[in-house]
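In: take a look and give me a structure for this.
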Amino acid sequence: MPIRALAMSVYALALGVWIVVVGLPSDPFQMFVWLWLAAIAWYAGAPWSEHTRFVRDWWPAFAVLILYLYSRGLSDELIGMPVHWTMPIEVDRWMFGGHLPTEVLQDRLCGDPCLRSTEPRWYDIVLTTVYFSHFVLGLGLAFVLWIRDRAAWAAWLTRYLTINVAGLVIYILYPMAPPWLASKERYIGEALPRLTGRGWEVIGLDGFHVVLASVGNPVAAMPSLHCGIAALVAFWLIARLRSPWRWLILLYPATMGFALVYYAEHYVIDLIAGWALAGLVMVAVGRWERRRARTGVTQPARSPAAR
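Out: Next up, the predicted model:
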């Protein structure tokens, strides 16, 4: 068996054991370690300098993500802006003829009454999987590009970091409560339980969102970066692919948005803001790159494996 195949098999086995025993990697620290181990396995047999290149290339990005993760948890306290509770409720009801989409979806898909303990349905497994993909897809795509094409990796990572930082700035300036919290604080008459993660109860991984919430911020809801990053992935792939089927990728941010509203994580207006932010990032970073190209700034070279 070639050394790369053996190393990747060992890596996959170790990751599987970690997921079963500890849980799914989700925070930047764990993602950094597991991506580095994946790089070591992929370049198994290469000089150690090839393995340390991952750290040299990636540490600035992970430093930004760690800063985002822990600053996000304090975003509503940094300058003391008031938390917004009623605006998104009023906007969503205005857009949907007086109805709140989360209430409608939970009544029809969860049950009446809808409880956190309600037996999950098959679509909860699908929607929870889509929800969790937010924590791995952006960096996973970056890792594949780092292996194949360092210039494309730098371009994607610039967009990915930009949307995270932009989201953080908005969270600081405009803290806003999500539906589940507004319901808990009686700003919404009907009980809207936070259903996130319940689709994975059947495989014993439903507690991942509790771990994430411990370092998150319950009032960092506008815009939805779950939807924003899903849209950013879709826009990026659509711009690079040439198949007429590439437009089906838009089903990913659409499904993500459906899950977020159903699980009471976000209002529809949050999704719209996230999609708009993704489009703005694509346009702004694209213009910045073209301006840099005109001034003669070079892009990183392709990786040896991509040549």
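In: please make it C-alpha for all contacts and neighbour counts, starting now.
Out: Will do.
In: poorly predicted segments of the stretch 201-307 of the chain, please.
Out: 201-216, 297-307 (pLDDT under 70).
In: now the helices for it?
Out: In the stretch 201-307 of the chain, the helices defined using DSSP state H, counting those that start in this stretch lie at 208-213, 225-240, 251-262, 268-294.
In: again with the stretch 1-150 of the chain
Out: Using DSSP H, counting those that start in this stretch, the helices of the stretch 1-150 of the chain run over 3-21, 28-42, 48-72, 75-78, 87-95, 101-109, 122-148, 150-173.
In: and the ones you listed: which comes nearest Ile272?
Out: helix 87-95 (10.9 Å; C-alpha to C-alpha).
In: which parts of the closest one are buried?
Out: 88-89, 92 (16 or more other C-alpha atoms under 10 Å).
In: if we can go back for a sec, just put the helices of the stretch 201-307 of the chain in a markdown table and tack on distance to Phe54 and mean neighbour count.
Out: Shown next, in a markdown table, are the helices of the stretch 201-307 of the chain (distance: least, C-alpha to C-alpha, whole Å; neighbours: other C-alpha atoms under 10 Å):
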| stretch | distance to Phe54 | mean neighbour count |
| --- | --- | --- |
| helix 208-213 | 26 | 14 |
| helix 225-240 | 22 | 22 |
| helix 251-262 | 29 | 22 |
| helix 268-294 | 23 | 17 |
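In: burial of Arg148, as a residue count?
Out: 17 (other C-alpha atoms under 10 Å).
In: how about Ile3?
Out: If you count neighbours by other C-alpha under 10 Å, Ile3 ends up with 13.
In: and for Pro25?
Out: Every residue meeting other C-alpha under 10 Å relative to Pro25 is counted, giving 18.
In: repeat that for Pro101.
Out: For Pro101, the neighbour count with other C-alpha under 10 Å is 20.
In: what's near enough to touch it?
Out: When contacts are counted by C-alpha atoms under 8 Å, 6 or more residues apart in numbering, Pro101 touches 92-93, 261-262, 267-268.
In: just flag the most distant two among those.
Out: Arg93 and Tyr262 (15.1 Å).
In: skipping adjacent residues, who's closest to the residue nearest the centre of the chain in space?
Out: Geometric centre of the chain, nearest residue: His134, 2.8 Å, by C-alpha atoms, centre = their mean. In this structure, His134 finds its nearest non-sequential neighbour in His226, 5.9 Å apart by C-alpha to C-alpha, 6 or more residues apart in numbering.
In: can you check Ala41 too?
Out: Nearest residue to Ala41, sequence neighbours excluded (C-alpha to C-alpha, 6+ apart): Ala7, at 4.9 Å.
In: if I read this right, Tyr68 contacts Leu168, doesn't it?
Out: Yes. Between Tyr68 and Leu168 a contact is recorded at 6.7 Å, counting by C-alpha atoms under 8 Å.
In: ok so, going back, can you put the buried residues of helix 87-95 in CSV and add distance to Trp275 and pLDDT?
Out: Shown next, in CSV, are the buried residues of helix 87-95 (distance: C-alpha to C-alpha, whole Å; pLDDT from 0 to 100):
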residue, distance to Trp275, pLDDT
Pro88, 16, 95
Ile89, 19, 96
Asp92, 16, 96
